[in-house]
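Peer 1: Next one to model:
(one chain, ligands or ions: 1)
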Amino acid sequence: MLRHKLRHIRHILIVFLVLIGINSLAGEYKILLINSYHNTLSWTDSLNYGFISTLKQNKLDFEIYVENLDYKRNKNINYQNEFVSYLKAKYSTLEIKLLFVTDNDALTFIESIHDSIFPNTPVVFCGVNNRYVFQKNYTGIIEQVDVKKNLDLIAQLHPNIDTLYCVVDRTTTGIILDKQIAESVSKNKYQFSTVTLTDLTIDELIKKVKGFEKNAAILFLLFNQDNKGEYFSYEEALDSVRKYAKVPIYGTWGFYLNHGIVGGEIISGYEHGKQAGELALKIINGKPVENLSAFAGNTKMIFDYRAMKKHKIGLTKVPKGSIILHNPLEYIKRNKVEIFLTMTIVVILLVIIYLLIIINKSGKKHIEIHKSYNQELKIKNAQIIESLSKAEEANNLKSAFLANMSHEIRTPMNAIMGFSRLVLLKKDLSRSEIDNFLNIVADNSQKLLNLINDIIDISKIEVNQLKFNISKANINEIVRNCFNIAEVERARLEKNDLNLNITFSVNTDSVIVDTDADRIHQVIMNLVNNALKFTEKGSITIGYDIQDKWIEVFVQDTGVGIDEQHKSIIFDRFRQIETPLNRKYGGSGLGLSICKGIINGLGGEIGVKSELGVGSTFWFRIPNTCSISDANTSKLENSDLKIRSFENKSILIVEDNFVSSKLLVEILKHTKAELILSNSAEEAIEICRTNNKIDLVLMDIQLPGINGYEATRIIKGIRSNLPIIAQTANAMSNEKEKAIQMGCDDYVSKPYNFQYLLSSIEKLIT
Ligand code: ADP
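Peer 2: Next comes the predicted model:
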């Protein structure tokens, strides 16, 4: 179908070119082309095209007329007379200078009318076969199919075939060709016999071809008309047959090439047309026709490489000088320059592609690096944003802390300064009023001291400098002591709807653990004070539980409770929950973070279970190094709050500060002890040397001249068993440990914890 269309396109193109030729030749020299057949018949078109293109090369001024007898399609020409009249009518007035006729029928026809319509006009013919004698004024190209050469060729290329089938029809040309075959075969000896396939319908022909097995070949000469008179173009007939042929097909005309034939001694219509054109030019240029005899047009051995390959015919087998169509090697040879250029371009393109790939790869690499930088940048950015927000949060916390701190310091200071002044300035105050005011001063001083201690502790925790004094500590005793203090505090706060409970997991008085008793005391008191702060009614239970690896202490309350979101942050420093109770009772937001620092420092853990509106249980656990014993009973419980009697005992107070000295006198005077005062280390040493009655020394450490530790060393040198209690306001360092190391028996810090001071004296003096 496609091929059919292409053929049509080609024909149209040829006609178009002919017409272009005709137009361009318009002018003086009138030439009439008379075809036996019709335009679009490839043979006729190729003759015309060859003829006209040769004339065109000469640049002469032509005018071409074309007429077709159309004998292929109209064998019974009863219109001949009409056609003659038509030619007469058309051309008698036109001066036709040359007639160009194609094929035998047109030649015979023109011979019959020549003198009447075109007298003396020279005639150039083409495609004429089996005629060798021509009238005067006639010359041209004889179309002589070289049947012999083709038979020789087939015999040479196929020595093993036994039959050669020759396809010819019953057209004028077909009959001539058939005769030529018979002549050739009779004159030459071939290994095969020839069978002429003629007088067949196309279907019969196809059927026969289908049956041809090996040992045969086909020489396809002509099949323009079947025995029923149906017309086929040259190619059409060949294409129908070729599809079914298993044996090689040879042909004699150029138009069979590219339609599946192996090849043959080929006549080219175009070449014959050209040769005829050259004769015409000579006539136009004045050469007498008599001097130009007709001759056989040239033929060429032409093969189709694809069909050769199909039938396994090697290139070396075909006659030398043959033209091989579609031969890849030939193609390369013919198109050396183009192929070289194409290859060069391809190589250049490949190099460019390779370079582009490399550039692309390195680009990708860069993009990858870029991406990873971007990723890193994003991470860093996120980190910076996080740090910034943390810094901002810390900053906000610090600001809030400072504001709170200012409030926490100024409030007790205000009370201390205000009430002290009142006592000083108002001379008319009653004793009870003075006591009341001074109680307020003492209370607030304690608060201030607690705050200062908290700040010192948190600073130590921050720099990991919190030192622990690990010794055998009685948890039972510590918890009980905290409970006692809590009771006093509850009473002071007048929380009458609040019950305090104490619960121990073991029924014993003594649970001894290696830990820092003071710090554990501090933590429990912190939790207890918070519970007192945040519980209005219900209960507070203090207790502990001994587990496998831990001693767990807890403070449980039925207070306001803590919501989920705040549970995790209350152990951070400066954190407080915005509540009315917080505003009422104040607080630095340091307590729980100090507790956490202490408990973590002691190798333990701290946490809270709480429900908003229900209550909280703060717990901590420290490693269980516990030994349970009944031997050690709590001494603090009984000794804590009672008034001691040190009657008949002498206590030396070494204190250079008048107020501190006076305070000590006030604390101790109810004990009925004899109090001896000294304001320097030198004097105190002297007293101890000379007065054997001294039972205990309260030694200030920061003294003018010899300091308290040095004095202790000297006194211990004089009386080694004289108890000395160091008392100092220096709470920054691990002073108690130092005091013990320097030879003191105990240590009390300023401001004095009265009960502690008294119980310590009691322990040492008796
Ligand atoms: P503060 O000195 O402000 O009490 P803390 O660190 O001791 O600081 O406590 C932090 C916050 O935790 C308190 O401000 C309070 O909001 C909350 N909190 C502590 N203990 C309790 C408790 N027993 N019941 C309810 N809330 C508590």
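Peer 1: Does residue 727 touch residue 697 like I think?
Peer 2: No - applying C-beta atoms under 8 Å as the test, residue 727 and residue 697 come out as separate, 10.0 Å apart. Where C-beta positions appear, they are placed from N, C-alpha and C, glycine not excepted.
Peer 1: If you count surrounding residues, which of these two has more?
Peer 2: Legend: neighbour count by other C-beta atoms under 10 Å for residue 727 and residue 697, higher for residue 697 (30 against 25).
Peer 1: State the three-state secondary structure for that one.
Peer 2: strand (DSSP: H, G, I helix; E, B strand; the rest coil).
Peer 1: For beta bridges, what are the partners of it?
Peer 2: residue 652, residue 724 (DSSP bridges).
Peer 1: Could you check the pLDDT of it?
Peer 2: Looking at residue 697, its pLDDT reads 96.
Peer 1: Any idea how many residues pack against the closest residue to residue 260 other than its chain neighbours?
Peer 2: Once flanking residues are discounted, residue 260 sits nearest to residue 242: 3.9 Å by C-beta to C-beta, 6 or more residues apart in numbering. Look at residue 242: counted by other C-beta under 10 Å, it has 20 neighbours.
Peer 1: Look up how far the ligand lies from residue 192.
Peer 2: 120 Å (C-beta to the nearest ligand atom, to the nearest Å).
Peer 1: Equivalent analysis for residue 64, please.
Peer 2: From residue 64 to the ligand the distance is 117 Å (C-beta to the nearest ligand atom).
Peer 1: So that residue belongs to a helix, correct?
Peer 2: No - Residue 64 is assigned strand when assessed by three-state DSSP, not a helix.
Peer 1: Wait, it touches residue 31, no?
Peer 2: Yes - applying C-beta under 8 Å as the test, residue 64 and residue 31 come out as touching, 5.2 Å apart.
Peer 1: Write out the residues of the protein neighbouring the ligand.
Peer 2: 530-531, 534, 557, 559-560, 562, 570, 575-577, 579, 582, 587-593, 616 (C-beta under 6 Å from any ligand atom).
Peer 1: Please flag which of those sit within strands.
Peer 2: 557, 616 (DSSP state E).
Peer 1: Taking the residues of the chain next to the ligand, please make a ChimeraX selection of just the buried ones.
Peer 2: Here is the ChimeraX selection string for the buried members of these, based on 16 or more other C-beta atoms under 10 Å:
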select :530,531,534,557,559,560,562,570,575,576,582,587,588,589,590,591,592,593,616
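Peer 1: pLDDT (mean, whole number) over the longest helix seen in the chain?
Peer 2: If you go by DSSP state H, the chain has its longest helix at helix 336-425. For helix 336-425, the mean pLDDT works out to 81.
Peer 1: which helices and strands does it pack with?
Peer 2: helix 431-462 (3 or more C-beta pairs under 8 Å, 6 or more residues apart in numbering; DSSP states H and E).
Peer 1: quick one, the helix it packs on and helix 336-425 angle?
Peer 2: The directions of helix 431-462 and helix 336-425 differ by 160 degrees, with axes from the mean of the first three to the mean of the last three C-alpha atoms, to 10 degrees as the criterion.
Peer 1: Could you give me the buried positions within helix 431-462?
Peer 2: 437, 440-441, 444-445, 447-451, 454-455, 457-458, 460-461.
Peer 1: And stretch 719-735, by the same measure?
Peer 2: 722-728, 731, 735.
Peer 1: what does stretch 515-532 give?
Peer 2: Buried residues in stretch 515-532, defined by neighbour count with 16+ other C-beta under 10 Å: 515-517, 519-532.
Peer 1: and what of stretch 180-198?
Peer 2: 180-181, 184-185, 192, 194, 196-198.
Peer 1: quick check, nearest of these to residue 238?
Peer 2: Comparing the buried residues of stretch 180-198 against residue 238 with C-beta to C-beta picks out residue 197 as the nearest, at 12.8 Å.
Peer 1: and the closest one, backbone torsions?
Peer 2: phi -100, psi 100 (degrees, to the nearest 10).
Peer 1: so it sits right up against residue 166, yeah?
Peer 2: Yes - counting by C-beta under 8 Å, residue 197 does reach residue 166; the two are 6.7 Å apart.
Peer 1: quick one, helices of the stretch 101-250 of the chain?
Peer 2: 103-117, 147-157, 172-187, 202-211, 234-242 (DSSP state H, counting those that start in this stretch).
Peer 1: Switch the ones you listed over to TSV; also include mean pLDDT and distance to residue 717.
Peer 2: As requested, the helices of the stretch 101-250 of the chain are exported to TSV (pLDDT from 0 to 100; distance: least, C-beta to C-beta, whole Å):
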stretch	mean pLDDT	distance to residue 717
helix 103-117	92	157
helix 147-157	94	141
helix 172-187	88	156
helix 202-211	92	142
helix 234-242	89	139
